[in-house]
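**Q** This is a predicted model, with the sequence first.
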Amino acid sequence: MSDKINTNYLETYSQLFSEKICSQYFGTKKYMSGQEIIQLTPSNQVNFMIIKSIFEAWQEELEKLKSNPYFDYRDIAVQESLKDFMNVLSRSIKIERIHFEPLLRDAVRQSILLAGDPLLFFQKEIERAKGGTLITYFKNSKKYLKWHPLLLSTLIDRSNMGASYAELKMALKANYEANKHQLEKPEVLLNPLNSVHPINFGELWLIENVHQSLPKSEAESYATDQDKVEIHDEPEHKEAHYSKETFEHHTFTGSTEQGIDPSRVWAKFESEEYNIMKGSITDLQQSVGINQRFMFTKNLFDGNPDQMKLALKSIDQCRTFHEAIQLLNERYVEQLGWNKDSEEVDEFLQLVFRRFEHKG
């Protein structure tokens, strides 16, 4: 999630997504209601982001009212009346397409930013909170921001302790660095959006960030391989599909202790938060993020993107998780010297786990 987001692609995607949703909805209706916003898109976070924008617009209007010198908005009766008014108003949302589409477009942009670069998103939230009461702002945000609650909790806790803007940013960054590997992957969070308009993660992330961490020769080689390598069903690749029967009678080149235990890995991920993600990936080749693609190629496949593509394609042709792990054991784990306890192997196996609904 350290990639910089391609703002040009983000703008284009947000516009296409919003046009599709609005064309479907406003083809038969003139106004959008509040209740319909909650169920509008397959992504709850996008829907709540729209409500967040509407709430903030109301807050801005309220601040304008409070600036009027002729009335006492601190009066308890006035505050109670305003609260009742807000409740009535929230049940009476009525927005035409010309006003709603920009809200949806911004909600999609903000949701993708929250998923893909949460540190930058919450840094912007700190800036947005300036001029108001920090603790109130972040507590209100908790109603609408459903992703990465750990980072938002840091802002709530620290603002409640009276932290300054600079201190909030420092605490946020420290918390992010300490927990970034535990945060939900953007591909998982954004997956519901694909049913409306597919996201091209290769275009969403700026590949230059990956290149900057490499020596020039490696960066050029990586870009060339990614752009040009295609896997064809040549004779030496035709054995990529492995049947259950093949694996039941297969003998490993090395001992079973040197391979990955499919039952143990399945049990591990099934007992964690990944359990609900079984079967959430239909095509591994399309689901590996650009940073992951580089990391796996470099650390698991000897820097050979051709070999990694073949591995992903072969796994996609397996019928169960057990078959996929057996394939990895036979072809890659021992031969390429995989460290089974490494972060790269763990992340790769998470993706494989999400590819299958059954252990087999």
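**A** Arrived safely, thanks for sending.

**Q** What is the distance between the helix or strand harbouring Cys22 and the centre of its chain?
**A** For Cys22, the host element (DSSP states H and E) is helix 7-25. In terms of Cα atoms, centre = their mean, to the nearest Å, the centre of helix 7-25 is set 18 Å apart from its chain centre.

**Q** from what I can see Gln15 touches Arg105, true?
**A** Yes. With contact defined as Cβ atoms under 8 Å, Gln15 counts as touching Arg105 (6.0 Å). All C-beta spots, glycine's among them, are computed from the backbone N, C-alpha and C.

**Q** Neighbour count: those two, which is higher?
**A** Arg105 (20 against 16; other Cβ atoms under 10 Å).

**Q** May I see the buried residues of stretch 152-172?
**A** Leu152, Thr154, Leu155, Ile156, Arg158, Ser159, Ala163, Leu168, Lys169, Ala171, Leu172 (16 or more other Cβ atoms under 10 Å).

**Q** Likewise for stretch 6-16?
**A** Buried residues in stretch 6-16 (16+ other Cβ under 10 Å): Asn6, Tyr9, Leu10, Tyr13, Ser14, Gln15.

**Q** if we look at it, which residues are touching it?
**A** By Cβ atoms under 8 Å, 6 or more residues apart in numbering, the residues outside stretch 6-16 that reach it are 105-106, 108-109, 112-113, 197, 199-200, 203-206.

**Q** quick check, nearest of these to Gln285?
**A** Of all the contacts of stretch 6-16, Gln285 sits closest to Asn200, with 12.9 Å by Cβ to Cβ.

**Q** quick one: contacts for the nearest residue to Leu113 once chain neighbours are set aside?
**A** Leaving aside its chain neighbours, Leu113 sits nearest to Phe121 (4.8 Å; criterion: Cβ to Cβ, 6 or more residues apart in numbering). The contact partners of Phe121, by Cβ under 8 Å, 6+ apart, come to Gln110, Leu113, Leu114.

**Q** what's the answer for Phe48, then?
**A** By Cβ under 8 Å, 6+ apart, the residues touching Phe48 are Ile38, Lys143, Tyr144, Leu145, Lys146.

**Q** Put the alpha carbons of the helix or strand containing it into PDB.
**A** Phe48 belongs to helix 44-66 when elements are defined using DSSP H and E. Taking C-alpha atoms only, helix 44-66 is exported to PDB below (Å, rounded to 0.1, in the frame of the first residue of the first chain):
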ATOM      1  CA  ASN A  44     -20.700   0.100   1.800                       C
ATOM      2  CA  GLN A  45     -17.700   2.400   2.200                       C
ATOM      3  CA  VAL A  46     -18.600   4.300  -0.900                       C
ATOM      4  CA  ASN A  47     -22.200   4.700   0.200                       C
ATOM      5  CA  PHE A  48     -21.100   5.900   3.700                       C
ATOM      6  CA  MET A  49     -18.600   8.300   2.100                       C
ATOM      7  CA  ILE A  50     -21.500  10.000   0.200                       C
ATOM      8  CA  ILE A  51     -23.400  10.400   3.500                       C
ATOM      9  CA  LYS A  52     -20.300  11.800   5.100                       C
ATOM     10  CA  SER A  53     -20.100  14.500   2.400                       C
ATOM     11  CA  ILE A  54     -23.800  15.400   2.900                       C
ATOM     12  CA  PHE A  55     -23.300  15.600   6.700                       C
ATOM     13  CA  GLU A  56     -20.200  17.800   6.300                       C
ATOM     14  CA  ALA A  57     -22.200  20.100   3.900                       C
ATOM     15  CA  TRP A  58     -24.800  20.500   6.600                       C
ATOM     16  CA  GLN A  59     -22.100  21.200   9.200                       C
ATOM     17  CA  GLU A  60     -20.700  24.000   7.000                       C
ATOM     18  CA  GLU A  61     -24.200  25.500   6.600                       C
ATOM     19  CA  LEU A  62     -24.700  25.300  10.400                       C
ATOM     20  CA  GLU A  63     -21.400  27.100  11.000                       C
ATOM     21  CA  LYS A  64     -22.500  29.900   8.700                       C
ATOM     22  CA  LEU A  65     -25.700  30.200  10.700                       C
ATOM     23  CA  LYS A  66     -23.700  30.400  13.900                       C
END
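
**Q** How far away from the center of its chain is the next helix or strand after it?
**A** Once helix 44-66 ends, the next helix or strand along the chain (criterion: DSSP H and E) is helix 76-90. When distances are taken as Cα atoms, centre = their mean, helix 76-90 is centred 37 Å away from the chain's centroid.

**Q** what comes up buried for helix 76-90?
**A** Under 16+ other Cβ under 10 Å, helix 76-90 has no buried positions.

**Q** Partner strands of the next helix or strand after that helix and their direction?
**A** Using DSSP H and E, the helix or strand that follows helix 76-90 towards the C-terminus is strand 94-96. The pairing partners recorded for strand 94-96 under DSSP bridges are strand 31-33 (antiparallel).
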